[in-house]
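Colleague: One predicted model, sequence on top.
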Amino acid sequence: MFSLSDLPYAANSLEPHIDAQTMEIHHGKHHATYVKNLNEVLPDKEEKDLEDVLRHLDKLPEEIRTKVRNNGGGHFNHSLFWQMMTPGGSKLEGQLLDAINSKFGSVEGFQEKFSAGGIGRFGSGWIWLTGELEIIDTPNQDNPILDGKNVILGLDVWEHAYYLRYQNRRADYIAAWWNVVNWKFVASRLD
Ligand code: MN3
């Protein structure tokens, strides 16, 4: 069975950047629904199987493939997303800082490109930074791991992630989100 882990911090602790009500609904309703749907369609799998299942969707019977892609992707992405944030953010430093500076010229240069990718993602989806420092946007609950890549950072740009506080202002949500990025966790995914 797949299960919904608790948030690694209090739902109100990302305020004012991400509000408590959004966090509660996003985690307790949206993420929980992906888990529930995933258990209905893949009752015999466990948490540790999820990444492998998503990397090899073609091995699944065709009639459940889309449901696993959407709900398994939703569970996988959100489980990562909660850990990619932390109250007050954490410092970008060391090897990842050097790599970002070398690839994008500066942290600001990287943030501009990543933010623009998130703003430009039409409809619901995500913006990602891969282990190769590529910026990739995906629709729905897709993740670059479906194409054999590894992700180190991701941002949910579905309206449910920001609408209560930011309404239609996705750019403002993204700008605020940088304040809570858990760079320590992101850097740990480089290894
Ligand atoms: Mn979401």
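Modeller: Nice, I can see it. Numbers count the residues shown, from 1 in each chain.

Colleague: Only C-alpha atoms from now on, for both contacts and neighbour counts.
Modeller: Noted.

Colleague: buried residues in the lengthiest helix in the chain?
Modeller: Determined from DSSP state H, the single longest helix within the chain is helix 62-83. Buried residues in helix 62-83, counting neighbours by 16 or more other C-alpha atoms under 10 Å, are found at 65, 67-83.

Colleague: can you check stretch 153-173 too?
Modeller: Neighbour counts over stretch 153-173 (16+ other C-alpha under 10 Å) mark 153-159, 161-162, 165-166, 170-171, 173 as buried.

Colleague: Including distance to residue 31 and pLDDT, could those residues go into a markdown table?
Modeller: What follows is the buried residues of stretch 153-173, written out as a markdown table (distance: C-alpha to C-alpha, whole Å; pLDDT from 0 to 100):
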| residue | distance to residue 31 | pLDDT |
| --- | --- | --- |
| 153 | 18 | 98 |
| 154 | 15 | 98 |
| 155 | 14 | 98 |
| 156 | 12 | 98 |
| 157 | 14 | 98 |
| 158 | 12 | 98 |
| 159 | 14 | 98 |
| 161 | 11 | 98 |
| 162 | 15 | 98 |
| 165 | 19 | 97 |
| 166 | 20 | 98 |
| 170 | 20 | 98 |
| 171 | 23 | 98 |
| 173 | 19 | 98 |
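
Colleague: where do the helices sit along this protein?
Modeller: Ranges of helices in the chain, per DSSP H, are 20-25, 32-41, 50-55, 62-83, 94-104, 107-120, 163-166, 170-177, 183-188.

Colleague: Would you format these as TSV with distance to residue 147 included?
Modeller: Below are these laid out as TSV (distance: least, C-alpha to C-alpha, whole Å):
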stretch	distance to residue 147
helix 20-25	29
helix 32-41	21
helix 50-55	7
helix 62-83	13
helix 94-104	22
helix 107-120	18
helix 163-166	30
helix 170-177	25
helix 183-188	20
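
Colleague: Residue 9 is nearest to which of those helices?
Modeller: The minimum distance between residue 9 and the helices of the chain falls on helix 62-83, with 8.8 Å, by C-alpha to C-alpha.

Colleague: Okay, angle between that closest one and helix 32-41 too, please.
Modeller: Angle of helix 62-83 versus helix 32-41, following axes from the mean of the first three to the mean of the last three C-alpha atoms, to 10 degrees, is 150 degrees.

Colleague: I'd like the C-alpha coordinates of helix 62-83 written as CSV, please.
Modeller: Extracted in CSV, the C-alpha atoms of helix 62-83 (Å, rounded to 0.1, in the frame of the first residue of the first chain):
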residue,chain,number,x,y,z
GLU,A,62,-2.6,-0.3,-20.9
GLU,A,63,-5.9,0.1,-19.2
ILE,A,64,-4.3,1.3,-15.9
ARG,A,65,-1.3,3.1,-17.4
THR,A,66,-2.9,6.6,-17.5
LYS,A,67,-4.3,6.3,-14.0
VAL,A,68,-1.0,5.2,-12.6
ARG,A,69,0.8,8.0,-14.5
ASN,A,70,-1.5,10.7,-13.1
ASN,A,71,-1.9,9.4,-9.5
GLY,A,72,1.4,7.7,-9.1
GLY,A,73,3.0,10.9,-10.5
GLY,A,74,0.9,13.0,-8.2
HIS,A,75,2.0,11.0,-5.2
PHE,A,76,5.7,10.9,-6.2
ASN,A,77,5.8,14.6,-7.1
HIS,A,78,4.1,15.8,-3.9
SER,A,79,6.2,13.6,-1.6
LEU,A,80,9.2,15.3,-3.0
PHE,A,81,7.7,18.8,-3.1
TRP,A,82,7.0,18.9,0.6
GLN,A,83,10.7,18.1,1.3
